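Novice: only geometry, no sequence info:
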Ligand SMILES: Cc1ncc(COP(=O)(O)O)c(C=O)c1O
């Protein structure tokens, strides 16, 4: 089977838009994906039919909202193969999920402990650990990458030791597209007794995720990169780890009992979810996942790889263009620089031609420095992109080169 | 520094009606900007809020403010030229009296040149106005 891209495109109303008088060619999917009608409808339906606070009201709508909300937790749990749905904690996004974990880690670390991250980290998975180390006196160790953008696996094993208390790494690099061998690396870290967090922001939208198979302790991701709404994300954690995890935000919903001078915490998942949650976001995310499950994961993968392959061929034929990130195992991300042209200039000229890409440091300033580039231009592909989009990208790049030469 | 005047720029742009010609004009302005020597690319001169690096140095000469700018993106250099045309070699009073919003409207930046947010033009204008106010 192949993906019926025309039919998929039809379900994304925004793709019919024109920008700057040109048909939109949306190649900024690593920043955020567009939303199918099914997700938009779920949000509208929630607000028009069912809006109510969850777990609180003694009335019909509240019951219905709570049912939809808790059903969404099961949908997410099934999608990532969580052992129990209480392991799914709602957050505002990857960033909040990692902060929740880092806050707990910072309380538990002591001088002499080590935290391992990689050179390809997004700021969300770097600044968090760097600050947790500063607060606790632990040492941050950074696993180097090869020039190709692959993780230096030998160095990872060398840096891993009995002192390693925590390991955080991206499933997939947002700036380079590299897919890391997270299962193998997680097993090595667990063998040393470390806890492992996977930053799954870029990992969730390209194929099935199985957190039990990965073997990690935490997996964090954002709904908006998975065809869902912004402002909703998931922190998955192993039940026994989360049940003991230091609470972060405190307030309503997360407590068991409260007196003026003291409080006790509720059970999972509530103990890590203070306040009224993003109910509409939760329902929208579940709609996105249900929609995505209607497609064949292998077909999605094959389609995105075909786009990447064609884009890579055209990139290699483009004078002065250098691909940044040439790992053999990549998602559909093409990061590049062009000799003598600043990435921002490329972005401006592509935008005028209706081609949306991202330029800059991709929230990975130390990585850009490591690679010796001021930033890159990045095209990132998703299920609704076509070979015509790839051709349009390179036509636009050629024009930019002509104008800027 | 040999800069066109704001009137010259507005006249030139009035003749260019498609985005390609307008952009080419901005790019050519950017290429003509003398920029700053590498050793003046210092953090203290960096203007925050820009997608590319922008450096701004100011000094006073005969009661007028002189601005020297640079960027590593040529389109941003061109946009900086548009701004300097309004502000370079003017007194602090002239700078503060200049209606930059009207000028930007006349340039039709939003529609025909480039969004003014990502490129940090606003940040530059604010910085120049702050310098003039402190004067
Ligand atoms: C690898 C990676 N980690 C973390 C994040 C942060 O995600 P969010 O901004 O949705 O919290 C992103 C998003 O750009 C990302 O690509």
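Specialist: Okay, I see it. Note that this is a predicted model, so its numbers are computed, not measured.
Novice: make sure residue A:204 is actually in contact with residue A:221.
Specialist: Yes. Between residue A:204 and residue A:221 a contact is recorded at 4.5 Å, counting by Cβ atoms under 8 Å. For the C-beta atoms, the positions are set from N, CA and C on the backbone; glycine is no exception.
Novice: any low-confidence regions in chain B?
Specialist: The model of chain B has pLDDT under 70 over residues B:49-50, B:109-119.
Novice: so where do the strands sit in it?
Specialist: B:54-61, B:64-71 (DSSP state E).
Novice: please identify the most buried of the ones you listed.
Specialist: strand B:64-71 (a mean of 21; mean count of other Cβ atoms under 10 Å in any protein chain shown).
Novice: the residue of chain B found nearest the ligand: neighbour count?
Specialist: Closest approach between chain B and the ligand, counting by Cβ to the nearest ligand atom: residue B:51, at 16.3 Å. For residue B:51, the tally of surrounding residues (other Cβ atoms under 10 Å in any protein chain shown) stands at 22.
Novice: likewise residue A:340?
Specialist: 11.
Novice: state the distance from residue A:117 to residue A:207.
Specialist: 24 Å (Cβ to Cβ, to the nearest Å).
Novice: neighbour count winner among the two?
Specialist: A side-by-side neighbour count of residue A:117 and residue A:207, using other Cβ under 10 Å, places residue A:117 first with 23 against 14.
Novice: show me where the chain has helices.
Specialist: By default, I'm working from chain A. A:5-10, A:37-45, A:60-79, A:94-108, A:127-136, A:153-159, A:182-191, A:211-214, A:239-243, A:279-293, A:297-316, A:343-352, A:365-371, A:387-404 (DSSP state H).
Novice: my bad, the chain I had in mind was chain B
Specialist: Going by DSSP H, chain B shows helices at B:6-14, B:19-32, B:74-87, B:92-97, B:100-107, B:121-134.
Novice: would you turn these into TSV with mean neighbour count and distance to residue A:28?
Specialist: Below are those laid out as TSV (neighbours: other Cβ atoms under 10 Å in any protein chain shown; distance: least, Cβ to Cβ, whole Å):
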stretch	mean neighbour count	distance to residue A:28
helix B:6-14	14	29
helix B:19-32	18	20
helix B:74-87	24	19
helix B:92-97	14	37
helix B:100-107	15	26
helix B:121-134	17	22
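Novice: check contacts around residue 63.
Specialist: In the absence of a named chain, this looks at chain A. residue A:57 (Cβ atoms under 8 Å, 6 or more residues apart in numbering or on different chains).
Novice: not what I meant, chain B
Specialist: residue B:91.
Novice: mind checking how far it is from residue B:90?
Specialist: Going from residue B:63 to residue B:90 by Cβ to Cβ gives 10 Å.
Novice: also residue A:325?
Specialist: Residue A:325 sits at a distance of 47 Å from residue B:90 (criterion: Cβ to Cβ).
Novice: more neighbours, the two?
Specialist: residue A:325 (24 against 19).
Novice: do you know the pLDDT at the more buried one?
Specialist: If you check residue A:325, the pLDDT there is 98.
Novice: how many other residues sit next to residue A:320?
Specialist: 11.
Novice: no wait, residue A:405
Specialist: 10.
Novice: what does chain A put close to chain B?
Specialist: Within chain A, the positions near chain B by Cβ under 8 Å from any Cβ of the partner chain are A:20, A:341-342, A:344-345, A:347-349, A:351-352, A:359-360, A:374, A:403-404.
Novice: ok, of these, which come out buried?
Specialist: For the residues of chain A next to chain B, a burial check counting by 16 or more other Cβ atoms under 10 Å in any protein chain shown picks out A:341-342, A:344-345, A:347-349, A:351-352, A:359-360, A:374, A:403-404.
Novice: from these, which is closest to the ligand?
Specialist: Nearest to the ligand among those, with distances taken as Cβ to the nearest ligand atom, is residue A:360, at 11.7 Å.
Novice: check contacts around the closest one.
Specialist: Counted by Cβ under 8 Å, 6+ apart, residue A:360 has contacts A:343-344, A:375, B:51.
Novice: just the closest of these to residue A:143, please.
Specialist: Minimum distance to residue A:143 across the contacts of residue A:360 is 22.5 Å, recorded for residue A:375 (Cβ to Cβ).
Novice: correct me, but the closest one touches residue A:368?
Specialist: Yes. Residue A:375 is within contact range of residue A:368, at 5.8 Å (criterion: Cβ under 8 Å).
Novice: in terms of neighbours, single out the busier of those two.
Specialist: The neighbour comparison of residue A:375 against residue A:368 (other Cβ under 10 Å) goes to residue A:375, with 27 against 17.
Novice: who are the neighbours in contact with that one?
Specialist: Residue A:375 neighbours (Cβ under 8 Å, 6+ apart): A:343-344, A:359-362, A:368.
Novice: those residues into TSV, with extra columns for distance to residue A:271 and pLDDT?
Specialist: Below are those laid out as TSV (distance: Cβ to Cβ, whole Å; pLDDT from 0 to 100):
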residue	distance to residue A:271	pLDDT
A:343	44	95
A:344	45	92
A:359	42	94
A:360	38	92
A:361	36	92
A:362	34	94
A:368	39	96
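Novice: nearest to the ligand: which residue in the stretch 301-405 of chain A?
Specialist: residue A:363 (5.9 Å).
Novice: that residue: neighbour count?
Specialist: 17.
Novice: leaving aside the residues adjacent along the chain, what's closest to it?
Specialist: Leaving aside its sequence neighbours, residue A:363 sits nearest to residue A:123 (Cβ to Cβ, 6 or more residues apart in numbering or on different chains; 4.5 Å).
Novice: show the pLDDT at that neighbour.
Specialist: So residue A:123 comes in at 97 (pLDDT).
Novice: cool, and the one 5 residues further on?
Specialist: In the predicted model, residue A:128 carries a pLDDT score of 98.
Novice: I figured it hits residue A:102, correct?
Specialist: Yes. The pair residue A:128 / residue A:102 is scored as a contact, 4.1 Å apart, by Cβ under 8 Å.
Novice: excluding chain neighbours, what is closest to the residue nearest the centre of chain A?
Specialist: Nearest to the geometric centre of chain A sits residue A:201, at 1.0 Å (Cα atoms, centre = their mean). Spatial nearest neighbour of residue A:201, excluding adjacent residues (Cβ to Cβ, 6+ apart): residue A:94 at 4.2 Å.
Novice: that neighbour reaches residue A:220, doesn't it?
Specialist: Yes. Counting by Cβ under 8 Å, residue A:94 touches residue A:220, with 4.9 Å between them.
Novice: need the overlap of contacts for these two.
Specialist: By Cβ under 8 Å, 6+ apart, the residues touching both residue A:94 and residue A:220 are A:199-201, A:233.
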